[in-house]
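Participant: Provide a 3D model corresponding to the input given below.
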Amino acid sequence: MRIAVGQLWQETNTLNPWPTGREDFERFGVLRGPELVSQMARTNELGGFIQSLAGWPERPEVVGLVRLPAWPAGVVTAEAFDWLRSEMLDALEKAGPLDGVLLALHGSMVADTHPDVEGEILTAVRERIGGAIPLVATLDLHANVTLQMALAADALVLYHSVPHIDVYETGERGAGLLRRILIEGAQPLTAFQKVPVVVPPVRANTQADSGVSVDFKRRLQELERTPGVLAAGLATAQPWLDIPNLGSCILVTTDNQPELARQACIELADQLWQRREEYLTDLLSPEEAVRRARKVEDGLVVLSDPADATTSGAPGDSVWILKELLRHEWSRPVLATVVAPPIVAEAERAGAGATLEVTLGGVLDHRFGTTISLGVTVERLFRARFVLSGHLGKNMPIDMGPSAVLRHDAVRVIVTSWSGPHFAPELFQVAGLDPFAAHVLVAKSPAGFRAAYASRALAMYSVRAPGCAPEDFWNYPYANIPHPLWPWDKMGGWRAQPVLLHPRGAR
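Facilitator: Residues are numbered from 1 along each chain as shown. Below you'll find the model as predicted:
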């Protein structure tokens, strides 16, 4: 028995003006064939696939296809899309006869003239392998799931957690579902329902004691423990996608039990519609957030900058919060991050210990950003290379390129060449800084940062500032989204009417 595994991963933000090209995928780490299997054997969804397959009594051969990842950013170029498609299909061609395929996808990739990249790739894979070979794909719960995606795959398996601390486990669930199809003879039937809702991510928190996200996670996991249910997922979509098919989605896949799938799908979809306003929240202004942080005399305060969240595809060069922090004197360290390749190069030319006058911000995000000029000392030069575990990663290698620590009094600004997890404790630590000993730390993440800091911070505040991933996205210009769609449009009643996608035998 031969099972192929592969990955295509990037979360697109169409408000980010900087495109994602082939070089961004290659820089993050393209792997092919046996190299994929050996290097990703314990990392993220691919690791979940590989370790689960290794534990099957049947001991299938694991065939590496290709890993094609890029950090969340702007729209993928048409050239890069053609290359991605060719890489995946060429890998399938070289793989030889297969008994099943497992793909780790994000689900919200957009390319020039291709608003549903995963839908097109899954369709192309299905056409290549034929209807008899089962195809299972995993997705981020911020996927914008389309009918094309659901039709092409036998099943789609979604994360259940925000922060995303279950990526590896989602891979295990995907492989387990594939085994139920291949070995146990399950016939996957999916109830599919798009919901005309897009919700902000800040209040989505399955680590909380209660709340809408907690309730959905519990119900989804309860369903997956129900006899006859193969997978259950809620995808609330990446909000910063100006595309025709934007919207949340409910998926319930059963072992050819249409009424069970339909009723569970209706229940979840109706709940999302009825509870949509529970995702709304009021964010603090930079001034108010900093004022509250200054009242904390001993301990860490984390200021979340969701509008410039690099995990949401924003560029990472916003300095709105940093500008407010610099208005004050601090007795303990204040830590912030900025993506600014030219400043890194300037710091490298000057060398550690040099003093510089630098201008930060408003270069990559030239629409919503602002700039600050200040004198700094180059405290340290380093390579921002580390292994991420926690939100978004389990043993995931990260390289954000040549980087520098710039000091202005008690404020340290980590300046990186490339985007990445601009919230991760590992980033600060590889820079020689202790994130948990700081007075204030700016995390460019809307929700995932909680996985690292909730147990260590005395206070955490989400801040409203301009940017490419704004919490109030409905106040920004969108030209291509469907209507009616909440919260852009005021809507009255809505009722779920799921589409039933037939078992594999009906292909």
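
Participant: how is this protein carved up into domains?
Facilitator: The chain resolves into domains spanning 2-279+497-506, 286-470 when parsed by automatic domain parsing.

Participant: any chance of those in JSON lines, plus distance to Asn480?
Facilitator: (Each C-beta comes from the backbone N, C-alpha and C, glycine too.) Formatted as JSON lines, the domains of the chain follow (distance: least, CB to CB, whole Å):
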{"stretch": "domain 2-279+497-506", "distance to Asn480": "5"}
{"stretch": "domain 286-470", "distance to Asn480": "17"}
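
Participant: Just put the ones you listed in TSV and tack on distance to Asp489, mean pLDDT and mean neighbour count.
Facilitator: What follows is those, written out as TSV (distance: least, CB to CB, whole Å; pLDDT from 0 to 100; neighbours: other CB atoms under 10 Å):
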stretch	distance to Asp489	mean pLDDT	mean neighbour count
domain 2-279+497-506	8	97	21
domain 286-470	18	97	21
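
Participant: Can you spell out which helices and strands pack onto the helix or strand harbouring Phe25?
Facilitator: For Phe25, the enclosing helix or strand under DSSP states H and E is helix 22-29. Helices and strands touching helix 22-29, by 3 or more CB pairs under 8 Å, 6 or more residues apart in numbering; DSSP states H and E, are strand 61-69, helix 78-95, strand 393-408.

Participant: same thing but 6 Å
Facilitator: Other elements packing on helix 22-29 under the criterion 3 or more CB pairs under 6 Å, 6 or more residues apart in numbering; DSSP states H and E are absent; no helix or strand qualifies.

Participant: Show me what secondary structure element comes after that helix.
Facilitator: In the C-terminal direction from helix 22-29 (assignment by DSSP H and E), the next one is strand 31-32.

Participant: what's the next helix or strand after that next one in contact with?
Facilitator: Using DSSP H and E, the next helix or strand after strand 31-32 towards the C-terminus is helix 33-39. Contact with helix 33-39 is made by 31, 62, 64, 67, as judged by CB atoms under 6 Å, 6 or more residues apart in numbering.

Participant: how about the helices in the stretch 401-507 of the chain?
Facilitator: Secondary structure of the stretch 401-507 of the chain (DSSP state H, counting those that start in this stretch): helices at 425-430, 450-453.

Participant: Pro196 is nearest to which of those?
Facilitator: Pro196 sits nearest to helix 450-453 of all the helices of the stretch 401-507 of the chain, at 28.3 Å, using CB to CB.

Participant: Next, the angle from the helix or strand where Arg385 lies to strand 393-408.
Facilitator: Arg385 is part of strand 372-390, with elements assigned from DSSP H and E. If you take axes from the mean of the first three to the mean of the last three CA atoms, to 10 degrees, strand 372-390 sits at 160 degrees to strand 393-408.

Participant: Just give the strands next to strand 372-390 in its sheet, each with its orientation.
Facilitator: Strand 372-390 has the following sheet partners, assigned by DSSP bridges: strand 355-360 (antiparallel), strand 393-408 (antiparallel).

Participant: Any chance of a markdown table for the ones you listed, columns distance to Lys217?
Facilitator: Listed next are the strands paired with strand 372-390 as a markdown table, based on distance: least, CB to CB, whole Å:
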| stretch | distance to Lys217 |
| --- | --- |
| strand 355-360 | 38 |
| strand 393-408 | 18 |
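
Participant: Leu98: which of those is closest?
Facilitator: strand 393-408 (26.1 Å).

Participant: Could you export the closest one as CSV, CA atoms only?
Facilitator: The C-alpha coordinates for strand 393-408 follow below in CSV (Å, rounded to 0.1, in the frame of the first residue of the first chain):
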residue,chain,number,x,y,z
GLY,A,393,3.6,25.2,14.6
LYS,A,394,5.0,22.0,16.0
ASN,A,395,8.7,21.7,15.3
MET,A,396,8.3,24.1,12.4
PRO,A,397,11.6,25.6,11.1
ILE,A,398,11.5,29.4,10.7
ASP,A,399,14.0,31.7,9.0
MET,A,400,13.2,35.4,9.0
GLY,A,401,16.6,36.3,7.6
PRO,A,402,19.4,38.6,8.8
SER,A,403,18.0,40.7,11.6
ALA,A,404,19.0,43.4,14.1
VAL,A,405,18.1,44.6,17.6
LEU,A,406,17.9,48.4,17.7
ARG,A,407,17.9,50.1,21.1
HIS,A,408,16.3,53.5,21.9
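
Participant: quick check: angle from it to strand 61-69?
Facilitator: Using the same axes, to 10 degrees: strand 393-408 against strand 61-69 is 30 degrees.

Participant: Contacts for strand 393-408 next, please.
Facilitator: 42-44, 168, 344, 347, 374, 376-382, 384-388, 412-418, 420, 431.

Participant: re the thing from before, got the helices of the stretch 401-507 of the chain as a markdown table, with distance to Ser331 columns?
Facilitator: Shown next, in a markdown table, are these (distance: least, CB to CB, whole Å):
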| stretch | distance to Ser331 |
| --- | --- |
| helix 425-430 | 19 |
| helix 450-453 | 21 |
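
Participant: Tyr279 is nearest to which of these?
Facilitator: helix 450-453 (15.5 Å).

Participant: Now do that closest one: which elements does it pack against?
Facilitator: Short answer (3+ CB pairs under 6 Å, 6+ apart): helix 450-453 packs on no helix or strand.

Participant: and with 10 Å instead?
Facilitator: Applying 3 or more CB pairs under 10 Å, 6 or more residues apart in numbering; DSSP states H and E, we find helix 450-453 packed against strand 301-304, strand 372-390, helix 425-430, strand 440-443.

Participant: just checking, next helix/strand downstream of the first one?
Facilitator: Sequence order places helix 320-325 as the next helix or strand after strand 301-304, per DSSP H and E.

Participant: so the following helix or strand past that next one versus strand 355-360, what angle?
Facilitator: Downstream of helix 320-325, the first helix or strand assigned by DSSP H and E is strand 334-339. Counting by the same axes, to 10 degrees, strand 334-339 lies at 70 degrees to strand 355-360.

Participant: export strand 334-339 as CSV, just CAs?
Facilitator: Provided in CSV are the C-alpha atoms of strand 334-339 (Å, rounded to 0.1, in the frame of the first residue of the first chain):
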residue,chain,number,x,y,z
VAL,A,334,9.8,47.4,25.9
LEU,A,335,9.9,45.0,22.9
ALA,A,336,8.5,45.6,19.4
THR,A,337,9.1,44.2,15.9
VAL,A,338,9.3,45.6,12.4
VAL,A,339,9.9,44.0,9.0
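
Participant: And it, what does it pack against?
Facilitator: strand 301-304, helix 320-325, strand 355-360, strand 393-408, strand 411-416, helix 425-430, strand 440-443.

Participant: Other residues contacting the next helix or strand along the chain from it?
Facilitator: Downstream of strand 334-339, the next assigned helix or strand under DSSP H and E is helix 341-350. With contact meaning CB atoms under 10 Å, 6 or more residues apart in numbering, helix 341-350 is reached by 317, 338, 340, 354, 356-360, 363-364, 376-381, 384, 400-406, 413, 415-418.

Participant: go again using 8 Å as the cut-off
Facilitator: Applying CB atoms under 8 Å, 6 or more residues apart in numbering, the external contacts of helix 341-350 come out as 354, 356, 358, 360, 363, 378, 381, 401-404, 406, 415-418.

Participant: nearest to Ile321, of those residues?
Facilitator: Closest to Ile321, out of all of the contacts of helix 341-350 and judged by CB to CB, is Leu360, at 12.0 Å.
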